[in-house]
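*Asks:* Sequence first, then the predicted structure:
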Amino acid sequence: MVSYNGKPLLFKRLEDLLREGHRASRDETRIRRAKLRPPTALPPKNKLAFAVRIKEIKGVSPKVLRVIHMFRLRKLFSGVFVKINKTSMAMMKVVEPYVAWGFPNLKSVRELILKRGQTKIRNRRVALTDNTLIEQHLGKHGIICLEDLIHEIFSVGKNFRVANCFLRPFNLSVARHAARDKGGVMKDIGGPGFRGPEVNGIVRQLN
């Protein structure tokens, strides 16, 4: 069937509508309850987190979707670096059922940037393989090569925000026939939520 403008009409099954409505309602209840709890204590040592979206977000509440977009985790199995502070911890709680996150070590940061690091220039994705490119766009912030970029991210330096925005979200890879549970989560990766240093194992599997 087509609409008046000639485009095909898309219909959703009743079960899908009910499922998505239930998920959105559950998100709203979870977020409302989380606001009543004391804020999460900030880790004493770690300043850097790495977050990976490992679940579908079809039918989530608008609040969850907004935070997912703020984190730039629009694609499944995309990952980003996050500076740890009160605001980011509160945002992480909102998307916790859909995102696995933890504390990356220097090896993980280096491997991610060297293997999958990309930026966007004139609406075109460009792999970070040329130090000249980095110096051209980040040189005024004292970042002139890949090692400078890796150090700025891992140390959460004063130009972390600029460096992190320069990086596109990391598109991680998943084996096509990887085993999944009923919720669609890869069994080898484990569930969403805070994973501490275990996030380094996720990086190894997906990078």
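*Replies:* Here it is on my side, so go on.

*Asks:* now the residue nearest to residue 96 when sequence neighbours are not counted: how far from residue 51?
*Replies:* The shortest distance from residue 96 to any non-neighbouring residue, by C-beta to C-beta, 6 or more residues apart in numbering, is to residue 193 (5.1 Å). (Each C-beta comes from the backbone N, C-alpha and C, glycine too.) Residue 193 sits at a distance of 11 Å from residue 51 (criterion: C-beta to C-beta, to the nearest Å).

*Asks:* How about residue 107?
*Replies:* 18 Å.

*Asks:* Compare neighbour counts for the two and give me the winner.
*Replies:* residue 51 (27 against 12; other C-beta atoms under 10 Å).

*Asks:* that's a helix at the more buried one, yeah?
*Replies:* No. Assessed with DSSP: H, G, I helix; E, B strand; the rest coil, residue 51 is strand; it does not lie in a helix.

*Asks:* So it is in contact with residue 77, correct?
*Replies:* No. Between residue 51 and residue 77 there is no contact under C-beta atoms under 8 Å: 11.6 Å.

*Asks:* helices and strands of the protein: which one bottoms out on pLDDT?
*Replies:* None of the helices or strands of the chain scores lower by mean pLDDT, DSSP states H and E than helix 14-36, at a mean of 62.
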